[in-house]
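Asks: Have a look at this fold, sequence not included:
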């Protein structure tokens, strides 16, 4: 397994069910780290690159016809391969922090478990697609599928969001099992808490991760691993 700890940057992923608040919390963490002088790239999956955004539309939007589970998994892996090669690895090589809204754990949960393709098969596929690049740290925002659906805009659900609650319950369990198997690399947070409370818990843990990477000064003094204040 390769993480950005082998380079100079820091790679953080946000995971969790639809409606958990990943986009909000990834944005707040990016703002907090930039405020401390770190160079931060905030991105999402599928997406982050031109081809990734096009694949995002194909795999998530309604109206593109039937997409079988294997094709779905391969489309996500293709978007992720471009994401890593064109955006994530270059940013990490520059010593920047990368925060992504979803990564490999999403494919393992949604396609491996939800679609029944198998966790190891999907994990292996994505390890090959990314050159075995895994996050240094992953935040899992845990939300009950019923509450997650209630948080989403009525009538605005994409292909995966519109799957039944039983599907999303399987996805939720997959995230929790992954976190339980490697607690040193995950932080599970009850997404029902207030937004500022969640943001504080995440930042506290990220400070610990930075310290473990020998980057305590980046948080304590605002001395980031790249050009100060040059957010992305």
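Replies: Everything's here; your move. Fair warning: this is a prediction, and the values are worked out from it, not measured in the lab.
Asks: Contact partners for residue 11?
Replies: Neighbour list for residue 11: 3, 4, 88, 92, 97, 98, 100, 133, 134, 135, 136, 137 [criterion: Cβ atoms under 8 Å, 6 or more residues apart in numbering]. Glycine gets a C-beta too; all of them are placed from N, C-alpha and C.
Asks: Helices along this structure, start to end?
Replies: Using DSSP state H, the helices of the chain run over residues 22-35, 50-60, 69-83, 89-93, 104-107, 119-130, 145-151, 165-181, 195-212, 216-220.
Asks: Comparing these, which comes out most buried?
Replies: helix 104-107 (a mean of 26; mean count of other Cβ atoms under 10 Å).
Asks: quick revisit: would you single out the least confident of the helices of the chain?
Replies: Lowest mean pLDDT within these: helix 216-220, at a mean of 36.
Asks: Chain neighbours aside, what residue packs nearest to the residue nearest to the spatial centre of the chain?
Replies: Centroid-nearest residue in the chain, with Cα atoms, centre = their mean: residue 102, separated by 2.6 Å. Among residues not flanking residue 102 along the chain, residue 45 sits closest, at 4.2 Å (Cβ to Cβ, 6 or more residues apart in numbering).
Asks: Counting neighbours, what do you get for the one you found?
Replies: As a burial measure, residue 45 scores 21 neighbours (other Cβ atoms under 10 Å).
Asks: isn't it right up against residue 104?
Replies: No. Using Cβ atoms under 8 Å, residue 45 is not in contact with residue 104; the gap is 9.0 Å.
Asks: Identify the contacts common to the two.
Replies: Shared contacts of residue 45 and residue 104, defined by Cβ under 8 Å, 6+ apart, are found at residue 80.
Asks: Can you tell me which of the contacts of residue 11 is closest to residue 162?
Replies: The closest of the contacts of residue 11 to residue 162 turns out to be residue 100 (Cβ to Cβ; 23.4 Å).
Asks: Can I get the buried part of the contacts of residue 11 as one ChimeraX selection?
Replies: ChimeraX command restricting those to the buried ones, with burial defined by 16 or more other Cβ atoms under 10 Å:
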select :3,4,88,92,97,98,100,133,134,135,136,137
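Asks: In strands, which of the contacts of residue 11 appear?
Replies: Taking DSSP state E, the ones among the contacts of residue 11 that sit in strands are 3, 97, 98, 100, 133, 134, 137.
Asks: I'd like to know which of those residues is nearest to residue 14.
Replies: Nearest member of the ones in strands among the contacts of residue 11 to residue 14, counting by Cβ to Cβ, is residue 100, at 7.0 Å.
Asks: Next, format the ones in strands among the contacts of residue 11 as TSV and append distance to residue 81.
Replies: Converted to TSV, the ones in strands among the contacts of residue 11 look like this (distance: Cβ to Cβ, whole Å):
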residue	distance to residue 81
3	17
97	21
98	16
100	14
133	10
134	14
137	22
